[in-house]
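# Here's a sequence, model it:
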Amino acid sequence: MHYLEAAREAAQAAGELLRARFEKPLTVNSATAHDLKLEVDILTQDLITKILLGHFPEHALYGEEGIVGDQSSAHQWVVDPLDGTVNYFYGIPHFCVSIALRFRGEIIVGVIYDPIREELWSGEKGQRPLLNGEELHVSTRAALAESVISVGLSKTSATIDAGLPLLQEMVHRVRKCRMLGSAALDMAYVACGRLDAYIEQGISLWDIAAGWLLVETAGGRVEMQPRPDLPDKFSIVASNGLLDLR
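Residues are numbered from 1 along each chain as shown. Below you'll find the predicted structure:
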């Protein structure tokens, strides 16, 4: 089976599970000031793992809900089984499944699936990405004053404090700022031109790996920097490549 085909299969199966349990009673495994972990997160990642490693048992999986297999494997699936968990818990129909494949550290496949809208973004390195089978492209807006951007504030005091001044600056410079609650969908929306940029000060690889590939293959630009104060967290600017966001 082709890697992209397997990623689509896993994303849609996971999306069906999430859709079936949406707005039903949910088990909370843990809660912090700004985040939740649900039992359904784990169940969804287990399903994705079963499908992907069933097709490719020699591969590894690196996910928000844990790792499986030899992480030194040349092929590593990077998975967020439910991006937008807080939205999901509160009955807000804006969340997704995000699946990417890295080969020797380079992302070569990316799939994001919104099971509520039944929208499937998919792409692979070197080819134009698709949204439900149609080619997509980033927006062509070059004026910041005409743009709509998403500014994420993340989950920790440090990243919230870093994001607030940026939000305050941008809300005066752009047409509208949005905070939608799903980094992966923000990236997908940049890739297909619904948003012109997405900025966040502390994000994990599983949140943005698939979207990273989609934005770049759709003609946009992604800039990532590791955060020295937060292990395995990055600051990110994903855009259509035309805006001056300095």
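# Lys155 against Asp35, yeah?
Yes - at 4.8 Å, Lys155 and Asp35 qualify as touching, with contact defined as CB atoms under 8 Å. For glycine as for every other residue, the C-beta is placed from the backbone atoms N, C-alpha and C.
# neighbour-wise, which of those two wins?
Comparing Lys155 with Asp35 by other CB atoms under 10 Å, the one with more neighbours is Lys155, at 17 against 12.
# what residue lies at the spatial centre of the protein?
By CA atoms, centre = their mean, the chain has its centre lying nearest to Ala184, at 2.0 Å.
# residue contacts, that one?
Ala184 is in contact with 80, 83-84, 96, 98, 112, 207-208, 210-211, counting by CB atoms under 8 Å, 6 or more residues apart in numbering.
# In strands only, show me these.
Among these, the members falling in strands (DSSP state E) are 80, 83, 96, 98, 112.
# ok so, going back, are we agreed that the residue nearest to the centre of the chain is in a helix?
Yes - counting by DSSP: H, G, I helix; E, B strand; the rest coil, Ala184 falls inside a helix.
# Could you give the average pLDDT over the top helix by length along the chain?
Identified as the longest helix of the chain according to DSSP state H is helix 3-21. Averaging pLDDT along helix 3-21 gives 98.
# How confident is the prediction for the closest residue to Asp207 other than its chain neighbours, by pLDDT?
Of all residues not flanking Asp207 in the chain, Ala183 sits nearest, at 4.1 Å (CB to CB, 6 or more residues apart in numbering). On pLDDT, Ala183 comes in at 97.
# Touching, Ala183 and Glu200? I think so.
Yes - under the criterion of CB under 8 Å, Ala183 makes contact with Glu200 at 6.4 Å.
# which of the ones in strands among the contacts of Ala184 are buried?
Among these, the ones that count as buried by 16 or more other CB atoms under 10 Å are 80, 83, 96, 98, 112.
# any idea which of these is closest to His172?
Of all these, Asp83 has the smallest distance to His172: 28.8 Å, by CB to CB.
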